[in-house]
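Asks: give me a 3D structure for the following:
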Amino acid sequence: MMKRGALLNSIFISILMLCCMSGWNPSPHVMPMGEQEVTRLMALKMDVNGWDVTRKGDTYLFTSRPADPEANGRTYAVNAKTGTVYDETSGGPETNLYIKESPNFKDIWNGTTYWKEILKLANAAIAHTGMVPDRELWVSGGYGDGYVYGDVLKDHKRVYIKLDVFTKKWEEIEKP
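Replies: Alright, predicted model coming up:
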């Protein structure tokens, strides 16, 4: 008969192995984060000190205050559920607050360079799913929500997916 300590160890190791095999990545942050934590992390990662902060549901908006009162400020949106930061105007993903190693694209101003980096992340995200791109430039863009969209082949069938390039979470959706 197994002793209680050994049994608990065995259970703990089994759970840990299941989590690792499923791709679960423990985060030091509780999701969704509150405004103070989002604001703190945005100040560190996106340099938004002094920007206006508003909330719409699970999305926080950080808007700059340009010196010229006639100018529009830049706005970043944060999905508090996933931690993904995106440009509110284009919807293009910028970084992730929950994933420490996630790249930060805020300083890339060249659109071609930006989309090459997004494509690299998107390809890496689907690599472990069994899906493959249906063509080299399979990411067709975003729709203002921080996700990228595109056609992939899943079980030899073309499907359209919505993908968070940082969390690697995806879902099959109807093509708009």
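
Asks: what packs against the helix or strand containing residue 152?
Replies: Per DSSP states H and E, residue 152 falls inside strand 148-154. With contacts taken as 3 or more CB pairs under 8 Å, 6 or more residues apart in numbering; DSSP states H and E, strand 148-154 sits against helix 111-127, strand 132-133, strand 139-141, strand 157-163. C-beta coordinates here come from the backbone N, C-alpha and C atoms, glycine included.

Asks: who does it pair up with?
Replies: Within its sheet, and counting by DSSP bridges, strand 148-154 is paired with strand 132-133 (antiparallel), strand 139-141 (antiparallel), strand 157-163 (antiparallel).

Asks: how about residue 61, nearest residue that isn't a chain neighbour?
Replies: residue 54 (4.8 Å; CB to CB, 6 or more residues apart in numbering).

Asks: give me the three-state assignment for that neighbour.
Replies: strand (DSSP: H, G, I helix; E, B strand; the rest coil).

Asks: count the neighbours of it for me.
Replies: A count of neighbours around residue 54, defined by other CB atoms under 10 Å, yields 11.

Asks: what's the first helix or strand after the worst-scoring helix or strand of the chain on mean pLDDT?
Replies: Every helix and strand in the chain was compared by mean pLDDT, DSSP states H and E; the lowest is helix 4-21, with a mean of 46. Using DSSP H and E, the next helix or strand after helix 4-21 towards the C-terminus is helix 35-46.
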